[in-house]
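Participant: Take this sequence and fold it.
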Amino acid sequence: MQRFMLCTAAGLLMLSVTFPCPAQPTTAPAKDKPAASPPAPGGASTGVAQPAVPRETNAVPPSKPGLSPDAPDQLHQETKTASPESLTGIYDSAKQVVEAFNAGKAKEVSEQFLPEGEWVDELGTVYQGRSAIEGVLTKYFEKYPGAQIGLEIESVQVIGPVAIEEGIRTMTVAEDSQAVIQYVAILAKTDSGWKYASVKDTAREMLMTAHAALEPLGWLVGEWVNEGTEARVKINYQWSEDENFLLGDYVVETNGEVVMKSTHRIGWDPLHGQIRSWLFDSDGGIGEGIWTPLGDSWHIHSSAILPDGRTGSAIITWSPHNDFNRFSMKGTDRLIGGEQDDDFELDVVRRPPTAGRAEAAPPLKP
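Facilitator: Coordinates of the predicted model:
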């Protein structure tokens, strides 16, 4: 039973029997990084940055902004209603748009449209004519220098001098700030090549990055210690090197001796759209949890396997205080080996910096 008392004293530790949980967080401002989704070039406050640009020519979205060099061949194979010459011309137009956009050249992008061409964003705002398109893109590039796009042309249908193109545009403003939009474009064949008569954006999809999903828990970064129990639990959370995980180390001491160590990894599950965590104890116990945000608190539904093969489960609630330098932890519905265990509640505080020890990173408010 001593093990479980240590676990409850550690609390945060999620030692085998108490911890991890689900959550479906919303994006929060990242430290020194832009928000997860850029606003639309048209000035719409809700949404994804999406300038009037047609999409790319490959069946799989490019890993980097731009167009796949194999795109024309792929379209030749997949599209039976257009000649290779027409498809190559359409691809060249898309390529010019991408290159001009990624170079921040609003005028060159607008010149790929017919003089009376239009771009309709996903909110229904219409930018009619080259000057309007150039104007909205100029403002966008001023606000988001270095913005990049990648295009994936999914289908092309050519009817005489007119072509209908459908695809996906990926907009990247920062490393962890990306948006994906669907578009339909109508092109007209002119003496100077294929030009866009209309580009209409429809439904958009936001891509949640692992770092952005974990930002609401960014306040955990730093050193912590529990209060008011016989066992002393030292806790340290840091971002992983790639900043896609929060990594925690726990050291449990009694009477000045280390009796337990644990490592904790918190990550984002993109398949189920929730935060998950994994705990590994020095004695071989393992735990797993799913996190759910409820108001200002986090509920962690945990399950664990103890070194002797028994299982455990619990619901742990973490409630940070307003200054994010203290949080309370409450454990309920604790089952160990099929038997009910007592609830617990304790406080954990941020350790102040001391001489010879680097100051912990300031808390990040979700």
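Participant: State the phi and psi torsions of residue 342.
Facilitator: Backbone torsions of residue 342, given as degrees, to the nearest 10, read phi -70, psi 150.
Participant: same check, this time on residue 155
Facilitator: Recorded main-chain torsions at residue 155 are phi -160, psi 150, according to degrees, to the nearest 10.
Participant: what about the residue lying closest to it once chain neighbours are set aside, which helix or strand?
Facilitator: Nearest non-adjacent residue to residue 155, counting by C-beta to C-beta, 6 or more residues apart in numbering: residue 166, 4.9 Å away. The way it works is simple: take the backbone N, C-alpha and C, and place the C-beta from them, glycine included. Following DSSP states H and E, one finds residue 166 within strand 162-174.
Participant: tell me which residues form a beta bridge with the residue nearest to residue 161 when sequence neighbours are not counted?
Facilitator: The shortest distance from residue 161 to any non-neighbouring residue, by C-beta to C-beta, 6+ apart, is to residue 189 (4.2 Å). Residue 189 has these beta-bridge partners by DSSP bridges: residue 194.
Participant: wouldn't residue 300 be in contact with residue 293 here?
Facilitator: No: using C-beta atoms under 8 Å, residue 300 is not in contact with residue 293, being 10.7 Å away.
Participant: which one of those two has more residues nearby?
Facilitator: Per other C-beta atoms under 10 Å, whichever of residue 300 and residue 293 has more neighbours is residue 300, with 28 against 18.
Participant: I'd like to know how far the more buried one sits from residue 199.
Facilitator: As defined by C-beta to C-beta, to the nearest Å, residue 300 lies at a distance of 46 Å from residue 199.
Participant: Break this protein into its domains for me.
Facilitator: As recorded under automatic domain parsing, the domains making up the chain are 2-30+212-350, 71-207.
Participant: got the contact list for residue 110?
Facilitator: 52, 130-131, 133-134, 137 (C-beta atoms under 8 Å, 6 or more residues apart in numbering).
Participant: quick one: low-confidence parts of the stretch 101-250 of the chain?
Facilitator: Within the stretch 101-250 of the chain, the ranges that satisfy pLDDT under 70 run 175-176, 203-207.
Participant: And the helices in it, which stretches?
Facilitator: Listed in chain order, the helices found in the stretch 101-250 of the chain under DSSP state H, counting those that start in this stretch are 106-110, 130-143, 210-214.
Participant: most centrally placed residue in this structure?
Facilitator: Geometric centre of the chain, nearest residue: residue 209, 1.7 Å, by C-alpha atoms, centre = their mean.
Participant: So that residue sits against residue 178, correct?
Facilitator: Yes: taking contacts as C-beta under 8 Å, residue 209 lies within contact range of residue 178: 7.2 Å.
Participant: For stretch 114-133, measure first residue to last.
Facilitator: Distance between the two ends of stretch 114-133: 11 Å, counting by C-alpha to C-alpha, to the nearest Å.
Participant: that older thread, can you pull the contacts of the residue nearest to residue 161?
Facilitator: Taking C-beta under 8 Å, 6+ apart, one finds 86, 89, 161-163 in contact with residue 189.
Participant: What about the residues you listed, which one has the most neighbours?
Facilitator: residue 163 leads those on contacts (other C-beta under 10 Å) with 24 neighbours.
Participant: Any figure for the gap between the residue nearest to the centre of the chain and residue 144?
Facilitator: Here the criterion is C-beta to C-beta. By it, residue 209 lies 17 Å from residue 144.
Participant: before we move on, what about residue 212?
Facilitator: 17 Å.
Participant: Between the two, which is the more surrounded one?
Facilitator: Applying other C-beta under 10 Å to residue 212 and residue 144 shows that residue 212 carries more neighbours, namely 25 against 20.
Participant: what's the distance between the more buried one and residue 178?
Facilitator: 10 Å.
Participant: And for residue 242?
Facilitator: When residue 242 is compared with residue 178 (using C-beta to C-beta), they lie 16 Å apart.
Participant: and these two? which has more neighbours close in?
Facilitator: residue 178 (22 against 8).
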